[in-house]
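Asks: okay, predicted coordinates and the sequence, questions at the end:
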Amino acid sequence: MTGANSFQVSGYGPQRAGLSRLLARDSLARRLDWPILLAGVALSMIGAVLVYSATRNRTELNQGDPFYFLIRHVLNTGIGLALMVGTVWLGHRALRTAVPILYGLSVFLILLVLTPLGSTINGAHSWIKLPGGFSLQPSEFVKVTIILGMAMLLAARVDAGDKQYPDHRTVVQALGLAAVPMLIVMLMPDLGSVMVMVVIVLGVLLASGASNRWVFGLIGAGTAGAIAVWQLGVLDDYQIARFAAFANPELDPAGVGYNTNQARIAIGSGGLTGSGLFHGSQTTGQFVPEQQTDFVFTVAGEELGFVGGGLIILLLGVILWRACRIARETTELYGTIVAAGIVAWLAFQAFENVGMTLGIMPVTGLPLPFVSYGGSSMFAVWVAVGLLQSIRVQRPMSA
């Protein structure tokens with residue numbers, strides 16, 4: 001009897017441990033936000049098709065291999081998904097303790113851009129050339145570290161129960177943390193990334209519960225700063241020309257206004273359902289520059305029409321909606337701020353990218369999240385998805 005009982009007890013432990021692991025995996029699967037994950041994967045796969053359509057005939061770019069950009073885009077998506085899994089596994093709370101290291105590393109990388117290691121691509125000196133023909137754009141990762149760093153500072157005393165809202169001193173510290181990388185990025189100059197970072201800062205402050213005087217003050221300071229940047233000649237000539245073309249599309253239709261004009265022609269020719277994949281005359285004729293990156297939405301507009309372009313916007317909307325829900329339902333201010341910062345980032349960048357192809361926003365060289373070709377951008381947005389998933393996974397079940 002004793003032997004039988006001991007056999008049952010000794011066998012029960014491993015069975016129970018295995019059951020616990022199974023339940024833990026089931027709990028994790030239930031806690032994940034599947035609409036965000038599925039929408040992100042769908043956007044990346046749509047992007048793969050659009051990138052292939054835009055580059056399959058571009059022999060001067062694809063090195064004679066029509067699948068060159070397609071393979072690299074799929075590879076970038078796979079690496080991005082792995083980074084998302086790693087972010088969920090580490091958890092946003094563990095990353096909170098590593099913020100000083102991540103912040104220091106990101107600042108170091110953008111400083112490298114200003115050294116001889118930096119390179120210029122499409123007029124923007126914001127890249128680091130790596131071996132094997134790869135390039136890294138550190139400003140994409142700075143967006144993540146600004147969100148994490150500001151959230152860490154603004155939420156520290158609130159989550160500890162010492163304060164109800166961030167005080168003025170904490171807000172100043174958070175703004176100082178964001179200002180350092182933003183000034184370096186401005187020196188590159190990478191105006192598009194700076195615009196995104198400004199929106200991130202505003203979104204983070206609003207989510208933190210800081211006084212509205214800070215938000216209005218920053219808007220005023222930003223307006224004054226933009227005028228000063230324009231007057232002092234900080235911007236490069238090509239950036240000034242882009243804003244001039246935005247203000248007056250007929251200013252130089254064959255020059256600086258060429259990209260926007262051709263983009264609008266491509267999208268307009270698509271009509272409701274488009275001309276069909278790989279049958280767009282503007283895309284096949286290579287009339288629109290940078291269609292695999294900045295102007296990838298024009299491929300969707302021309303070949304998939306209003307339906308295809310609307311599907312992309314709908315999927316982006318699903319991600320933003322679910323991210324807003326995560327920000328609202330989390331019980332810690334730190335998680336709320338991180339989620340809100342990601343919403344501000346993705347919403348503005350998507351609006352700016354689509355807007356510049358329609359002529360309602362200036363051309364700034366910002367990629368379309370999840371869709372455009374580019375490793376740095378793809379890695380950064382999937383890390384952002386990992387942070388959102390971690391916030392949802394680690395919240396109490398009652399939330």
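Replies: Ah, there it is. Numbers count the residues shown, from 1 in each chain.
Asks: show me which residues of stretch 58-65 are buried.
Replies: In terms of neighbour count (16 or more other C-beta atoms under 10 Å), stretch 58-65 has its buried residues at residue 62. The C-beta positions use only the backbone N, C-alpha and C, and glycine is treated the same way.
Asks: same check, this time on stretch 258-270
Replies: Residues of stretch 258-270 classed as buried under the neighbour-count rule (16+ other C-beta under 10 Å) are 259, 260, 261, 262, 263, 264, 266, 267, 269, 270.
Asks: so where's the stretch 1-150 of the chain uncertain?
Replies: Across the stretch 1-150 of the chain, the ranges flagged by pLDDT under 70 are 1-26, 122-124, 132-133.
Asks: strands along that one, start to end?
Replies: Counting by DSSP state E, counting those that start in this stretch, the stretch 1-150 of the chain has these strands, from start to end: 118-121, 124-129, 135-136.
Asks: just checking, residue 119 touches residue 137?
Replies: No - look at residue 119 against residue 137 with C-beta atoms under 8 Å: they stay out of range, at 10.2 Å.
Asks: and these two? Which one has more around it.
Replies: Legend: neighbour count by other C-beta atoms under 10 Å for residue 119 and residue 137, higher for residue 137 (24 against 15).
Asks: distance check, the closest residue to that one other than its chain neighbours against residue 31.
Replies: Spatial nearest neighbour of residue 137, chain neighbours left out: residue 376 (3.9 Å); criterion: C-beta to C-beta, 6 or more residues apart in numbering. Note on residue 376: its distance to residue 31, by C-beta to C-beta, to the nearest Å, is 29 Å.
Asks: so what's the residue count around the residue nearest to residue 151 when sequence neighbours are not counted?
Replies: Closest residue to residue 151 apart from its sequence neighbours, by C-beta to C-beta, 6+ apart: residue 337 at 3.9 Å. For residue 337, the neighbour count with other C-beta under 10 Å is 30.
Asks: surely residue 337 is in contact with residue 155?
Replies: Yes - between residue 337 and residue 155 there is a contact at 5.8 Å, judged by C-beta under 8 Å.
Asks: which neighbours do those two have in common?
Replies: residue 208 (C-beta atoms under 8 Å, 6 or more residues apart in numbering).
Asks: just to revisit the earlier point, between the buried residues of stretch 258-270, which is closest to residue 227?
Replies: Proximity of the buried residues of stretch 258-270 to residue 227 (C-beta to C-beta) peaks at residue 260, which lies at 23.8 Å.
Asks: which SSE is the closest one in?
Replies: helix 258-270 (DSSP states H and E).
Asks: now pLDDT and distance to residue 106 too, for the buried residues of stretch 258-270, in CSV please.
Replies: Converted to CSV, those look like this (pLDDT from 0 to 100; distance: C-beta to C-beta, whole Å):
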residue, pLDDT, distance to residue 106
259, 79, 30
260, 82, 32
261, 84, 37
262, 86, 35
263, 88, 32
264, 88, 36
266, 91, 36
267, 92, 35
269, 90, 41
270, 89, 39
